[in-house]
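Asker: Sequence plus predicted model, see below.
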Amino acid sequence: MTNLATARTILETLVGFDTTSRNSNLALIEWVEAYLAQHGVASERVPNESDEKANLFATCGPQVEGGVILSGHSDVVPVDGQDWSSDPWIVQEEAGKLFGRGVTDMKGFIALALAFVPRFVAGRLPVHLALSYDEEVGCQGAHSMIARMAETIPPPRLAIVGEPTGMGIITGHKGIAVHEVTVRGHEAHSSLVDHGISANGVAVELMHDLLALAEELRARADPANGFNPPQATLTIGVMEGGTASNILAGHARFEFDLRCPPGEDPDAILAPFKARCAQLDAELKSRFPNAGVRVEHHASTPPMTPVGSEDAVAFVRALTGENTAPGQVAFATEGGQFQQAGFPTVICGPGSIEQAHQPDEWIALSELEKGAAFMERLAERLN
């Protein structure tokens with residue numbers, strides 16, 4: 001069986017594990033552990049606090065300096081409410097495409113890396129595999145694994161994060177700060193507006209402030225910074241509240257994310273909004289002690305910059321054969337975390353981000369072929 005055929009078989013197995021971020025990923029991790037063990041490769045888990053999820057990293061080849069990290073996240077986004085033409089957990093082929101949740105983002109890259117393990121273990125320089133959890137909910141899992149790798153593996157030459165880029169090289173991305181705002185009102189009959197506080201009304205005011213902030217960010221953006229869109233973006237992704245149309249809402253909540261290019265400080269951007277929330281909290285409590293506003297910071301993902309990536313870019317260019325200038329992307333990855341840990345990092349993987357997170361997510365077979373050629377050249381380079 002060729003490496004590409006092996007990768008496809010592995011991809012079908014990986015997609016069969018429903019690793020939506022709300023679920024455990026341990027079944028997938030156990031399968032990868034067993035697969036690696038069959039090839040004589042020991043691996044190490046880095047679990048979360050509840051032991052319900054785990055990162056996994058392993059070294060294929062000798063424990064020496066100068067190797068390459070291949071990194072991918074094991075979790076996927078939900079399929080809830082999406083109109084799929086087939087079972088999202090069973091890979092289907094049609095018209096030169098493979099369909100299934102995660103085939104592009106990013107189990108295709110993981111499958112390719114695993115398919116080449118027999119080649120990597122024979123190399124004179126190592127390949128360090130790194131699989132994370134909870135990337136899709138703010139890159140919350142990888143930091144503990146990256147810290148452990150920095151402590152234990154010989155210094156690698158670079159890290160390659162295999163997010164879908166059409167095998168193009170990416171050296172920069174925005175960072176993310178995810179927040180939740182919870183408003184506690186005071187319920188009363190909707191005809192007696194002075195007898196209570198509508199949490200929905202307060203939440204709408206605060207969301208209006210955030211939308212105004214988003215427009216300010218758009219207006220002051222640097223159009224030459226290489227990002228599309230160039231500005232720091234602020235979007236409200238979740239909103240809910242209230243019980244009935246004739247009751248002043250006793251509760252409301254919404255979540256938003258702020259994505260900043262390198263050099264923009266999310267704390268400074270949000271400081272006036274958080275001050276406004278604190279002011280409202282005091283005002284509401286002065287009327288009803290149980291009312292108030294709370295802002296919680298759920299997750300942060302650092303931006304990634306091109307600084308110090310020249311050698312990594314040259315190395316990966318030799319594997320892809322591409323001579324175009326590296327790019328930057330608006331979506332965030334774990335690349336910034338690897339970079340913060342001192343690993344020169346690039347993002348490069350098969351597939352397109354435009355297919356990620358969509359119903360009928362797909363990856364072109366031609367992209368997997370390009371990914372297999374990339375892995376083949378990597379194995380040759382490290383031998």
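Answerer: Cool, the structure landed.

Asker: just the CA coordinates of stretch 357-367, formatted as PDB?
Answerer: Taking C-alpha atoms only, stretch 357-367 is exported to PDB below (Å, rounded to 0.1, in the frame of the first residue of the first chain):
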ATOM      1  CA  HIS A 357     -16.300  24.500   9.200                       C
ATOM      2  CA  GLN A 358     -18.800  24.200   6.400                       C
ATOM      3  CA  PRO A 359     -21.500  21.600   5.800                       C
ATOM      4  CA  ASP A 360     -20.100  19.000   3.400                       C
ATOM      5  CA  GLU A 361     -16.600  19.900   4.300                       C
ATOM      6  CA  TRP A 362     -14.200  18.500   1.700                       C
ATOM      7  CA  ILE A 363     -10.600  18.200   0.600                       C
ATOM      8  CA  ALA A 364      -9.500  17.600  -3.000                       C
ATOM      9  CA  LEU A 365      -7.600  14.400  -3.600                       C
ATOM     10  CA  SER A 366      -5.100  16.500  -5.500                       C
ATOM     11  CA  GLU A 367      -4.400  18.300  -2.200                       C
END
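
Asker: got the buried residues for that stretch?
Answerer: Residues 357, 360-364, 367 are the ones in stretch 357-367 that count as buried (16 or more other CB atoms under 10 Å). (Each C-beta comes from the backbone N, C-alpha and C, glycine too.)

Asker: Mark which of those residues are part of strands, please.
Answerer: 362-364 (DSSP state E).

Asker: Take those residues and write them to CSV, including distance to Phe315 and pLDDT.
Answerer: As requested, those are exported to CSV (distance: CB to CB, whole Å; pLDDT from 0 to 100):
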residue, distance to Phe315, pLDDT
Trp362, 30, 98
Ile363, 24, 98
Ala364, 25, 98
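
Asker: and of those residues, the nearest to Thr104?
Answerer: Nearest to Thr104, judged by CB to CB, of these is Ile363 at 4.5 Å.

Asker: Report the beta-bridge partners for the closest one.
Answerer: Leu98 (DSSP bridges).

Asker: so it makes contact with Arg101?
Answerer: No - in this structure, Ile363 is not within contact of Arg101 by CB atoms under 8 Å, at 11.4 Å.

Asker: ok so, going back, export the ones in strands among the buried residues of stretch 357-367 to TSV and tack on distance to Asn323?
Answerer: Below are these laid out as TSV (distance: CB to CB, whole Å):
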residue	distance to Asn323
Trp362	28
Ile363	24
Ala364	22
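
Asker: Among these, which one lies nearest to Lys174?
Answerer: Nearest to Lys174 out of those is Ile363 (CB to CB; 24.0 Å).

Asker: quick one: the closest one from Leu258, how far?
Answerer: Note on Ile363: its distance to Leu258, by CB to CB, to the nearest Å, is 30 Å.

Asker: One more: Gly196?
Answerer: For Gly196, the distance to Leu258 - CB to CB - is 32 Å.

Asker: More neighbours: which of those two?
Answerer: Under the neighbour definition other CB atoms under 10 Å, Gly196 and Leu258 were set side by side, and Leu258 has more, 25 against 20.

Asker: who touches the more buried one in this structure?
Answerer: 176-177, 179, 232-234, 266, 269-270 (CB atoms under 8 Å, 6 or more residues apart in numbering).

Asker: go on, Phe343?
Answerer: 69, 146, 150, 156, 158-159 are the contacts of Phe343 under CB under 8 Å, 6+ apart.

Asker: Just the buried residues out of those residues, in ChimeraX syntax.
Answerer: Selection of buried members from the contacts of Phe343 for ChimeraX, criterion 16+ other CB under 10 Å:
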select :69,146,156,158,159
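
Asker: What about the contacts of Phe343, which are in helices?
Answerer: Mapping the contacts of Phe343 onto helices (DSSP state H) picks out 146, 150.

Asker: Asp75: which of the contacts of Phe343 is nearest?
Answerer: Distances from Asp75 to those, taken by CB to CB, are shortest for Ile146, at 16.1 Å.

Asker: So that closest one sits against Gly335, correct?
Answerer: No - the pair Ile146 and Gly335 fails to qualify as a contact (CB under 8 Å) at a distance of 10.7 Å.

Asker: Tell me the spacing between Gln328 and Thr165.
Answerer: Distance, Gln328 to Thr165, by CB to CB: 11 Å.

Asker: more neighbours, the two?
Answerer: Each of Gln328 and Thr165 has its neighbours counted (other CB under 10 Å); Thr165 has more, 23 against 20.

Asker: Next, the contact list for that one, please.
Answerer: Thr165 sits next to 327, 329, 347-349, 353 when contact means CB under 8 Å, 6+ apart.

Asker: again, 10 Å this time
Answerer: Thr165 makes contacts with 109, 320, 326-327, 329, 333, 346-353, as judged by CB atoms under 10 Å, 6 or more residues apart in numbering.

Asker: Could you pick out the buried ones from the residues you listed?
Answerer: Buried by 16+ other CB under 10 Å: 109, 320, 326-327, 329, 333, 346-351, 353, out of those.

Asker: among the residues you listed, which are in strands?
Answerer: Judged by DSSP E, strands contain the following of the buried ones among the contacts of Thr165: 327, 329, 346-347.

Asker: rewinding a little: would you format the contacts of Phe343 as CSV with distance to Glu12 included?
Answerer: What follows is the contacts of Phe343, written out as CSV (distance: CB to CB, whole Å):
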residue, distance to Glu12
Ile69, 25
Ile146, 29
Ala150, 33
Pro156, 30
Leu158, 30
Ala159, 27
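
Asker: what do Gln328 and Thr165 both touch?
Answerer: Residues touching both Gln328 and Thr165 (CB under 10 Å, 6+ apart) are Ile347.

Asker: where does the protein dip in pLDDT?
Answerer: Counting by pLDDT under 70, the chain contains low-confidence ranges at 1.
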